[in-house]
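S.K.: predicted coordinates and the sequence they were generated for:
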Amino acid sequence: MHYSAAFSQAATSATAVPTISGSRHVGALHSSSSSCTLLIPSKPINLRFCGLRREAFGFSPSAFTRCSNSQRVQLPSRRRFKGSNVSASLGDNGIPKSFDYDLIIIGAGVGGHGAALHAVEKGLKTAIIEGDVVGGTCVNRGCVPSKALLAVSGRMRELQSEHHMKALGLQVHAAGYDRQGVADHANNLATKIRNNLTNSMKALGVDILTGVGTILGPQKVKFGTDNIVTAKDIIIATGSVPFVPKGIEVDGKTVITSDHALKLEFVPDWIAIVGSGYIGLEFSDVYTALGSEVTFIEALDQLMPGFDPEIGKLAQRVLVNPRKIDYHTGVFATKITPAKDGKPVTIELIDAKTKEPKDTLEVDAALIATGRAPFTNGLGLENINVVTQRGFVPVDERMRVTDANGNLVPHLYCIGDANGKMMLAHAASAQGISVVEQVTGRDHVLNHLSIPAACFTHPEISMVGLTEPQAREKAEKEGFEVSVAKTSFKANTKALAENEGEGLAKLIYRPDNGEILGVHIFGLHAADLIHEASNAIALGTRIQDIKFAVHAHPTLSEVLDELFKAAKVKDHASNPVSEPVAV
Amino acid sequence: MATLSPFLSKTPLSNTPTISFSSSISTPLKWKSITSFSPSGSSSSRSRRRIFIVQSKIREIFMPALSSTMTEGKIVSWIKSEGDVLSKGESVVVVESDKADMDVETFYDGILAAIVVPEGESAPVGAAIGILAETEAEVAQAKAKAASAGAAAPASHPVASTPVPAVSPPERKKVAESAPSGPRKTVATPYAKKLLKQHKVDINSVVGTGPFGRITPEDVEKAAGIAPSKSVAPSAAPAASPKPAPAAAPAAPLLPGSNVVPFTTMQAAVSKNMIESLSVPTFRVGYPIITDALDALYEKVKPKGVTMTALLAKAAAMALVQHPVVNASCKDGKSFTYNANINIAVAVAINGGLITPVLQDADKLDLYLLSQKWKELVEKARSKQLQPHEYNSGTFTLSNLGMFGVDRFDAILPPGQGAIMAVGASKPIVVADADGFFSVKSKMLVNVTADHRIIYGADLAAFLQTFSKIVENPESLTL
């Protein structure tokens, strides 16, 4: 993914160069010469995907040396630091001082893990500090165990849908579940992934330092009680914790956050979910499949804020309306009291606008899914004059931390939920990789608009780039035209074969140059389908090019194929797409 | 994609601009063309109004034709529920056609008085799916209308206007009293609330037996008189709740070797209408008509594209002008509804079904226009492209089996109309005139079935006399 900038720049600046056939060769030539000479065919169609292959880069290693200023492409290095020898930093950076490590990462979540792996690949001596368990939120209390629960809920849903089963000619009698078994599945999965993560880092020679990490000063970190280590560069990757608004008393039993819910200690008859974002939605999917009734409490005027409105509307039609779910929108839960003394959980609601009391709900449990708050307390930011903003560590577009005066703090970066740019595991990892690219001498700016997001309900929702209102707003400001294309899963053979024709894919694009601004999918396996679109955005691939890519038939991927083909790009649109802009 | 059905790409632009598209459009081409419609195109949207005036203030919401190939639609969900106040332009219901789910908007302000076709069930294009009342006062009236419509609908839920069990109010009181914190509000779980709405059960008539006295889905089902569907696994789709078997005599066992073929939508609609027709007291009057002159005229105008159907429709329309009562209908058993237009519906057997395309204003159009119109209608009927107003706006029906050699038959009066004319074959017979001279003439027998609540024997006789005069002296038809 970090080769994308090189590729798109090279491809777009090409003018009159002979066409080269044979994709592998093009890839090799391209990679070895991207910043020296441009040997790029005038029609980038030929080399659309090939320049990205790993093996393509290893094709002619000698080519790299000729390109002295090439920092874009580095040979994947698998050097390992086995001993505990203190290594000097790169040596050519003018700092005479030697450090314990080239890179220290505070926080061994998915972001830290991604950064550590890439750092090792780049030949950095790397340590990772973890005060809790390796894997962070995603692996232990987030994406991973929730996927285990959702896998169960998806199957339950299928088995319970007599209508669906009958349509397939299947007969199933009385699907049931064992709560403890489901909970164990989630827990086992988290353990397995955690071990995988730990082992992968250990195998690569990343030192895992146990204890809470605190920044003592520039390039100096304390972990545990009094272990002090130094590093040339430091990455903060401390992540986030569930955000609980004030007035809400979390007891971990009847009033819970996602941390508790994932343990699935009980399945209430009726649970209120505060917040209808993707966390709330996923849990509503789990709970309703397991037999609970759900009440959503949403502060905004509609459910599923943040999704493209059209997708949200359809999702509500499929994921909320036909299920045992009701909702209150435009209300705040000001006070939530756990069940005790034989009384149910009570939730006091006020109108979000007028602040007048509106209703009091009595339910069996309440799940607080109002978002996540950065976990940056005790990080020692005050030692380097950094002031958090609502808890988030302020960073620039290169994840470099800025201090109270707005100046860059040298050698300090912050990635993932702690900086609040995009609170997704894979975004953290991508940011970490971007930082490692920078500290190893290659400038890199991550295009956040190319980072996909997914919600694993049944069916799934996924998105990348801008929503339609965002795109229209941007178009208004910048004076370009926006078009929308849509395709339905109802017309997809594979979806119909699965009897899952419910779904919509939506493409928001510029008809003048074919740039993809956003893609939103609601339907079977949407989360897996989005990557064709996110990769296209990351690489700057235009619709007029990607529409020629071939998709196996019959597959769900044809939904996107049709989507790209449905787009009407103006004939003259051959002018290059501008460089992806980071946000 | 190769698997796309071919007709998708040539969907005409005639698709309703008045429908806000929200999702699942399978053909982007269509999408584009539709979005290019200006939503303010008033004249075209006017003609496609989905909600037709039934009576002054109570309107039916019809199943719209969302695509040219749509013959029936499934109600995905009612966005509004009964009793909700609607304002013009608001989405009321989501309908699934053969291609997409679309929101259907209302064109009138009013109150959604009744839902005739519940979520998850299908209705043919043009069938009433809901009733819109203009004011609170008319809600009850509209509900009665819905109840009658709902009772005849093949698959609709029974209107669960279960009387409040006599014991329930005191019991509820007891619950309230026993609660320590004084008067408590009624709490119902989300699914219970959905069921209350679905089965039209008043929340106050239900006794909550769940924890903390809350109303559970089982309580609602009990109150609605439905055996609680407490299965091991909760059903994901509330629409799939069991339908109570009608209290009819058990069906006779199938003979061995026989097979059961369910009705198509069209056949189901026919069946429903036929059952409905049983509630109308009808009688029949026959009349012989000499058709030599008509046959001669037909030979003359045939090369110009005039069909026998057009000739007969025109003749009937001209006779109806003089006998407006035969063009009237009885909607409520209490009054005549005189129709302003003479719309001749003509029964056509098509694709194993029966449909009645309507020649609107047949009295006003000339023969040639009428013939052309008829050709278009038949074309449309064949390709299932008839718009609802093109087959449900008839005021008088013509049914002709003459071409099969049938010499006389008797038609069933379609609901909502006053009379239907059954036309037999024209056959040469020997007639003796007043002077005792024998001659051979072509004679056909027509037989009119009429609603005796509004049309009496003398009315029909007079009408038939006029009709026979017109047919026997058909020159006026070409005027």
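M.R.: Perfect, thanks for sending it. Predicted, not measured: the structure shown is a model, and the values here were computed from it.

S.K.: show me where pLDDT drops low in the stretch 51-200 of chain B?
M.R.: The model of the stretch 51-200 of chain B has pLDDT under 70 over residues B:51-56, B:67-69, B:97-101, B:146-185.

S.K.: and the helices in it, which stretches?
M.R.: With helices called from DSSP state H, counting those that start in this stretch, the stretch 51-200 of chain B shows them at B:139-152, B:168-178, B:190-198.

S.K.: cool, and the stretch 201-350 of chain B?
M.R.: So, for the stretch 201-350 of chain B - with DSSP H, counting those that start in this stretch - the helices run B:217-223, B:265-277, B:292-301, B:308-322.

S.K.: can you redo those helices as TSV with mean neighbour count and distance to chain A?
M.R.: From N, CA and C alone the C-beta is placed, and that goes for glycine too. Conversion of those to TSV gives the following (neighbours: other Cβ atoms under 10 Å in any protein chain shown; distance: least, Cβ to the nearest Cβ, whole Å):
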stretch	mean neighbour count	distance to chain A
helix B:217-223	22	8
helix B:265-277	16	18
helix B:292-301	16	47
helix B:308-322	23	39
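
S.K.: now distance to A:Ala453 and mean pLDDT too, for those helices, in CSV please.
M.R.: Formatted as CSV, these follow (distance: least, Cβ to Cβ, whole Å; pLDDT from 0 to 100):
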stretch, distance to A:Ala453, mean pLDDT
helix B:217-223, 35, 87
helix B:265-277, 42, 82
helix B:292-301, 70, 90
helix B:308-322, 61, 92
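
S.K.: and the ones you listed: which comes nearest A:Glu478?
M.R.: Closest to A:Glu478 of the helices of the stretch 201-350 of chain B is helix B:265-277 (Cβ to Cβ; 50.1 Å).

S.K.: from the chain's centre, how far out does that closest one sit?
M.R.: In this view, helix B:265-277 has its centroid 9 Å away from the chain centroid, taken as Cα atoms, centre = their mean, to the nearest Å.

S.K.: now for the most centrally placed residue in chain B: which residues touch it?
M.R.: Computing the C-alpha centroid of chain B and ranking residues by Cα atoms, centre = their mean puts B:Ala127 first, at 3.8 Å. By Cβ atoms under 8 Å, 6 or more residues apart in numbering or on different chains, the residues touching B:Ala127 are B:Phe62, B:Met63, B:Val117, B:Ala269.

S.K.: distance of it relative to chain A?
M.R.: Using Cβ to the nearest Cβ, to the nearest Å, B:Ala127 is found at 22 Å from chain A.

S.K.: A:Asn419 reaches A:Val395, doesn't it?
M.R.: Yes: shown here, A:Asn419 and A:Val395 form a contact pair, counting by Cβ atoms under 8 Å, at 4.7 Å.

S.K.: for chain B, what are the nearby residues on the stretch 201-350 of chain A?
M.R.: Applying Cβ under 8 Å from any Cβ of the partner chain, one finds that the stretch 201-350 of chain A approaches chain B through A:269-270, A:288-289, A:291, A:293-295, A:310, A:313-314, A:317, A:321-326, A:343-344.

S.K.: parallel or antiparallel, list what pairs with the helix or strand where A:Ile508 lies.
M.R.: Here A:Ile508, judged by DSSP states H and E, is contained in strand A:504-509. According to DSSP bridges, strand A:504-509 has the following sheet partners: strand A:483-488 (antiparallel), strand A:516-523 (antiparallel).

S.K.: so residue 350 bridges to which residues?
M.R.: You didn't say which chain, so I picked chain A. Beta-bridge partners recorded for A:Ile350 (DSSP bridges): A:Phe332, A:Pro357.

S.K.: the chain in question should be chain B.
M.R.: When assigned by DSSP bridges, B:Ile350 has beta-bridge partners B:Gly353.

S.K.: neighbours of it, how many?
M.R.: A total of 15 residues lie near B:Ile350 under the criterion other Cβ atoms under 10 Å in any protein chain shown.

S.K.: circling back to that earlier point, please say which of A:Asn419 and A:Val395 ends up with more neighbours.
M.R.: When neighbours are counted by other Cβ under 10 Å, A:Asn419 and A:Val395 differ, and A:Asn419 comes out ahead with 27 against 24.

S.K.: thinking again about what came up before, redo the helices of the stretch 201-350 of chain B as a markdown table? Include distance to A:Cys455.
M.R.: Compiled in a markdown table, the helices of the stretch 201-350 of chain B are given as follows (distance: least, Cβ to Cβ, whole Å):
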| stretch | distance to A:Cys455 |
| --- | --- |
| helix B:217-223 | 27 |
| helix B:265-277 | 36 |
| helix B:292-301 | 67 |
| helix B:308-322 | 58 |
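
S.K.: the residue lying closest to A:Pro338 once chain neighbours are set aside in helix, strand or coil?
M.R.: In this structure, A:Pro338 finds its nearest non-sequential neighbour in A:Asp251, 4.0 Å apart by Cβ to Cβ, 6 or more residues apart in numbering or on different chains. Taking DSSP: H, G, I helix; E, B strand; the rest coil as the rule, one finds A:Asp251 in the coil state.

S.K.: so how far is A:Gly280 from A:Asp251?
M.R.: Separation of A:Asp251 from A:Gly280 (Cβ to Cβ, to the nearest Å): 19 Å.

S.K.: packing partners of the longest strand along chain A?
M.R.: Ranked by residue count, the top strand of chain A under DSSP state E comes out as strand A:227-236. Based on contacts counted as 3 or more Cβ pairs under 8 Å, 6 or more residues apart in numbering or on different chains; DSSP states H and E, the elements that strand A:227-236 packs against are strand A:101-106, strand A:213-217, strand A:220-223, strand A:408-414, helix A:425-439.
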